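# Any chance you can model this:
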Amino acid sequence: MAKRLTEIDVEIGKRLRNLRTARGMSQTVLAEGLNITFQQVQKYEYGRNRLSCATMLQACRVLGCQPVDIIGEFQADEA
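Prediction:
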């Protein structure tokens, strides 16, 4: 069974991209810090692949941020 990406996965990718660009960092530089390809960074940023917890923590080190900066504060539906 294939994993489905959620709106949260897409939002996390957007936040990763926003943090990276705010720091003036290219996808290539981030990828090198994560020991992955820049294409994989693109997949994370555009929500095509889910960002694992381990990769997110490593990205935080490279970007000089905290996990909450990437995860954000998601609220459960009140409905």
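
# Low-confidence regions, this structure specifically.
Residues of the chain meeting the criterion pLDDT under 70: 1-2, 74-79.

# quick one, helices of it?
Counting by DSSP state H, one finds helices in the chain at the ranges 7-22, 27-34, 38-45, 53-63, 67-71.

# Packing partners of the last one?
Contact analysis of helix 67-71 by 3 or more CB pairs under 8 Å, 6 or more residues apart in numbering; DSSP states H and E lists helix 7-22, helix 53-63 as its packing neighbours. In short, each C-beta sits where N, CA and C put it, glycine included.

# in it, what's buried?
For helix 67-71, a neighbour-count test (16 or more other CB atoms under 10 Å) marks I70, I71 as buried.

# buried residues in stretch 31-51?
For stretch 31-51, by 16+ other CB under 10 Å, it's A31, L34, Q40, V41, K43, Y44, E45, G47, N49, R50, L51.

# OK, contacts around the first one?
When contacts are counted by CB atoms under 8 Å, 6 or more residues apart in numbering, A31 touches T37, F38, Q40, V41.

# Relative to T21, which of those is nearest.
Nearest to T21 among those: V41, at 11.8 Å, using CB to CB.

# Just confirm the closest one contacts L34, I think it does.
Yes. In terms of CB atoms under 8 Å, V41 counts as a neighbour of L34; the distance is 7.3 Å.

# My read is that R20 contacts L34, right?
No. If you go by CB under 8 Å, R20 and L34 don't touch, sitting 11.0 Å apart.

# Quickly note the distance from C60 to R17.
Distance, C60 to R17, by CB to CB, to the nearest Å: 14 Å.

# oh, I was asking about L51
Noted for L51: a distance of 11 Å to R17, by CB to CB.
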